[in-house]
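> What shape does this take:
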Amino acid sequence: MVKVISKITAFRHHLNRRLLFGVSVFFTISITGCTNPIIEQEPEMYTTSGSIAPYSQSNFTQYIEQTTKWLDETRVFHGAGYDAEMKAVSPYRLMPNHPNGQGVLLVHGLGDSPYSFIDIAPVLAEQGYLVHVMLLPGHGSRPADLMLPNVKDWQDAVANQVALLKSDVDEVWLAGFSTGTNLVTSYAAQNPEAVNGLVLFSPAFSPDDVIVRFAGTASLFVDWVNVAKEQNYTRYDSLAMHGAALYYQTTTQVKQDLKQYQLEVPALLMVTENDELIDTEAVYSLFRTEFVHPSSRLVWYGEKPYPDARVIKRSMDLPKQNIESGSHISVLYRADNPLYGERGLMRQCGGAEEGEVYTVDCVGMPTLTYTAWGLLKEDRVSARLSWNPYFETMMERVVKFMQTANQKQAIE
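Prediction:
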């Protein structure tokens, strides 16, 4: 077993508990600039393309065509194959066989791509919803392109996608993962008349590490939170400091919007108790006070009980499946997902040694336990849980919620 001990390996798939800092003298000296050996090996990956994808199109077909052309011209490919990589990161639409007159816009998270919804989107289309999956500006091409957009680009891109979807259907739902939840929640709070409701996977309203608030200042001096060899073609392994700053701006905006407007539309939240990146207690607190629609529900994947009748608990202590807890990404994928499933190629395995996290190659290795990355133990190797043992029942609840949330009787 080959293992690599590192204080920053937990950034591999997302920001880690130590979300940003990172911005210590260590990072300033050893990770930024072309002195980093990873950057020297593939400098194009860590140099901006000079542009973000256009996002002000007048119809979704044009949006797909122009974004795909931009990706073709700017993406630095990983070697997984042109078709596989372009399919993973390109925006797309799913047309229902039996349309119900409603549509849903899906918005991914920081550093991610439309692949985040590869298992969720087809279920919604099968139920009659027209599904649009967008690509946020700065994503899909190369990690350095997260240095280019501003938060208004993200907000305007989402607003334009809502307008495009509304031109094709009578009623619109918004759904998001992580940072995407912040963007769609802000939009819905400001424009409640424009949407039927929200479906929020791992809402990222509050970071687990408050030091992320300094990312904007840090980005003036430091380009990267972390630099990693880019191996996951569905998302960025490296994180630009400016991208972290944009994420934090979405958190301040969504909390401001919720405080100012409350949320009049129904919302369904899926939250993992041991989420490595998000302050889940803060998410619950916002849900309790600002998500005022009687049909709103929070599905809590964990063990902590809450007195709020609108909270639905699902235990993640599942010894028969070797599961000890969920993670930030575990709500998204089926167990058989080829990349993030139980035997997926992008599994993240590791352990702890003298207080430091180390990673190991998952391929061909039996996994003893699945857990959150922040809960790795000294006495064994585990895999970060990247799939949802309740996926089917979760999607049944999502569909039922969307079908009944605006009826007079709140859903059970």
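> just how off-centre is stretch 131-141 within its chain?
Put simply, stretch 131-141 sits 12 Å off its chain's centre (Cα atoms, centre = their mean, to the nearest Å).
> what residues are up against residue 347?
Residues near residue 347 by Cβ atoms under 8 Å, 6 or more residues apart in numbering: 340, 362, 367, 383-384, 386. The way it works is simple: take the backbone N, C-alpha and C, and place the C-beta from them, glycine included.
> Verify the stated contact: residue 78 with residue 86.
No. Using Cβ atoms under 8 Å, residue 78 is not in contact with residue 86; the gap is 11.4 Å.
> Now the most centrally placed residue in the chain. Nearest residue, chain neighbours left out?
What sits nearest the mean C-alpha location of the chain, by Cα atoms, centre = their mean, is residue 109, with 3.3 Å. Leaving aside its chain neighbours, residue 109 sits nearest to residue 178 (3.0 Å; criterion: Cβ to Cβ, 6 or more residues apart in numbering).
> before we move on, the earlier item: check contacts around the residue nearest to the centre of the chain.
Contacts of residue 109 (Cβ under 8 Å, 6+ apart): 14, 116, 176-181, 202, 204.
> again, but for residue 95
125, 130.
> for residue 271, same thing?
202-203, 278, 280, 283-284, 298-301.
> hey, C-alpha coordinates of the strand or helix carrying it in CSV?
Element membership of residue 271 [criterion: DSSP states H and E] is strand 267-272. Extracted in CSV, the C-alpha atoms of strand 267-272 (Å, rounded to 0.1, in the frame of the first residue of the first chain):
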residue,chain,number,x,y,z
ALA,A,267,-38.0,24.1,-0.1
LEU,A,268,-36.6,20.6,0.5
LEU,A,269,-33.1,20.4,2.0
MET,A,270,-30.9,17.4,2.1
VAL,A,271,-28.2,17.9,4.9
THR,A,272,-25.5,15.5,6.1
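> Pairing partners for it, with directions?
strand 197-201 (parallel), strand 297-301 (parallel) (DSSP bridges).
> which of the ones you listed is buried the deepest?
strand 197-201 (a mean of 27; mean count of other Cβ atoms under 10 Å).
> who touches that strand?
Outside strand 197-201, the residues that touch it by Cβ under 8 Å, 6+ apart are 104, 120, 173-178, 181, 184-185, 188, 263, 265-270, 293, 295, 331-332, 398, 401-402, 405-406.
> those strands in the stretch 1-150 of the chain, which residues are they?
3-5, 92-94, 102-107, 130-133 (DSSP state E, counting those that start in this stretch).
> follow-up on the earlier one: show me which pair in the contacts of residue 271 is furthest apart.
In these, two members sit farther apart than any others by Cβ to Cβ. They are 278 and 299, at 14.6 Å.
> returning to what we had before: report the buried members of the contacts of residue 109.
In terms of neighbour count (16 or more other Cβ atoms under 10 Å), the buried residues within the contacts of residue 109 are 14, 116, 176-181, 202, 204.
> which residues of this protein score low on pLDDT?
Counting by pLDDT under 70, the chain contains low-confidence ranges at 1-34, 354-355, 363-367, 408-412.
> where does the residue nearest to the centre of the chain fall, phi/psi-wise?
phi -100, psi -170 (degrees, to the nearest 10).
> export the longest helix along the chain as CSV, just CAs?
Once the chain is assigned using DSSP state H, the helix that runs over the most residues is helix 241-261. The C-alpha coordinates for helix 241-261 follow below in CSV (Å, rounded to 0.1, in the frame of the first residue of the first chain):
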residue,chain,number,x,y,z
MET,A,241,-8.3,31.5,-4.0
HIS,A,242,-10.6,33.8,-6.0
GLY,A,243,-13.1,30.9,-6.3
ALA,A,244,-13.1,30.5,-2.6
ALA,A,245,-13.8,34.2,-2.2
LEU,A,246,-16.7,34.0,-4.6
TYR,A,247,-18.2,31.1,-2.6
TYR,A,248,-18.0,33.2,0.6
GLN,A,249,-19.7,36.1,-1.2
THR,A,250,-22.6,33.7,-2.0
THR,A,251,-22.9,32.8,1.7
THR,A,252,-23.2,36.4,2.8
GLN,A,253,-25.7,37.2,0.0
VAL,A,254,-27.9,34.2,0.7
LYS,A,255,-28.0,34.9,4.5
GLN,A,256,-28.8,38.6,3.8
ASP,A,257,-31.6,37.6,1.4
LEU,A,258,-33.1,35.1,3.8
LYS,A,259,-33.0,37.6,6.6
GLN,A,260,-34.6,40.4,4.5
TYR,A,261,-37.2,38.3,2.7
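> Quick check: buried residues in that helix?
Buried residues in helix 241-261 (16+ other Cβ under 10 Å): 241-251, 253-255, 257-258.
> ok, now stretch 383-403?
Buried residues in stretch 383-403, defined by neighbour count with 16+ other Cβ under 10 Å: 383-391, 394-395, 397-399, 401-402.
> mind checking how far that stretch is from the chain centre?
15 Å.
> How about the secondary structure of residue 174?
strand (DSSP: H, G, I helix; E, B strand; the rest coil).
> ok, the nearest residue to it once chain neighbours are set aside - contacts?
Nearest non-adjacent residue to residue 174, counting by Cβ to Cβ, 6+ apart: residue 184, 3.9 Å away. Residue 184 makes contacts with 105, 107, 158, 174-176, 198, 200, as judged by Cβ under 8 Å, 6+ apart.
> May I see those residues arranged in JSON lines, with distance to residue 351 as well?
Shown next, in JSON lines, are those (distance: Cβ to Cβ, whole Å):
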{"residue": "105", "distance to residue 351": "39"}
{"residue": "107", "distance to residue 351": "34"}
{"residue": "158", "distance to residue 351": "39"}
{"residue": "174", "distance to residue 351": "39"}
{"residue": "175", "distance to residue 351": "34"}
{"residue": "176", "distance to residue 351": "32"}
{"residue": "198", "distance to residue 351": "37"}
{"residue": "200", "distance to residue 351": "32"}
